[in-house]
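Asker: just need the structure, nothing else, for what follows:
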Amino acid sequence: MENILLVINIILAIMLVIFVLFQKSEGGALGIGVSQENFMFSRSSGNFLTKATAIIATLFIICSLALTIVSRGDLVPTSSVLDKIEENSDEAPKIPENNN
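Answerer: Take a look at the predicted model:
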């Protein structure tokens, strides 16, 4: 199950990057030379790409959360590092007191 979710997560990540790169930039000087005629058609495709990007991003987040929940079951609970230090300090030899 974990491997399937991992493959789906990788595919969604690649799709998300591709959809973001296909989107038209709306700011700065990158839009120079676009006529009003092309603007009408690019607006509807931009709307589709925006919705598709939002859907893919939502699926990516859900898949990432599911992957985290599934992989968390394999973890073995361990004790604290401080508990281990306290256990080891009991076994260490004691320093004799200096009685001068």
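Asker: any chance you could map the helices in this protein?
Answerer: 2-22, 36-72, 81-91 (DSSP state H).
Asker: where among those helices is the average confidence lowest?
Answerer: Mean pLDDT values for the helices of the chain show the minimum at helix 81-91, a mean of 64.
Asker: tally up the residues packed near the nearest residue to Leu12 once chain neighbours are set aside, please.
Answerer: Spatially, and ignoring its direct neighbours in sequence, Leu12 is nearest to Phe60 (4.3 Å; CB to CB, 6 or more residues apart in numbering). Placement of C-beta: from N, CA and C, glycine included. Residues lying near Phe60 (other CB atoms under 10 Å) number 17.
Asker: what residues are up against Phe60?
Answerer: Asn9, Leu12, Ala13, Leu16 (CB atoms under 8 Å, 6 or more residues apart in numbering).
Asker: then Ile8?
Answerer: Cys63.
Asker: for Thr68, same thing?
Answerer: Applying CB under 8 Å, 6+ apart, no residues qualify as near Thr68.
Asker: for it, give its distance to Ile61.
Answerer: Going from Thr68 to Ile61 by CB to CB, to the nearest Å gives 11 Å.
Asker: quick revisit: would you format the contacts of Phe60 as TSV with distance to Thr50 and neighbour count included?
Answerer: Formatted as TSV, those follow (distance: CB to CB, whole Å; neighbours: other CB atoms under 10 Å):
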residue	distance to Thr50	neighbour count
Asn9	22	17
Leu12	17	19
Ala13	18	14
Leu16	13	16
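Asker: just put those residues in a markdown table and tack on distance to Glu2.
Answerer: A markdown table is the format used below for the contacts of Phe60 (distance: CB to CB, whole Å):
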| residue | distance to Glu2 |
| --- | --- |
| Asn9 | 10 |
| Leu12 | 16 |
| Ala13 | 16 |
| Leu16 | 21 |
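Asker: which one of the residues you listed is nearest to Leu75?
Answerer: Lowest distance from Leu75 to these (CB to CB) belongs to Asn9, with 18.8 Å.
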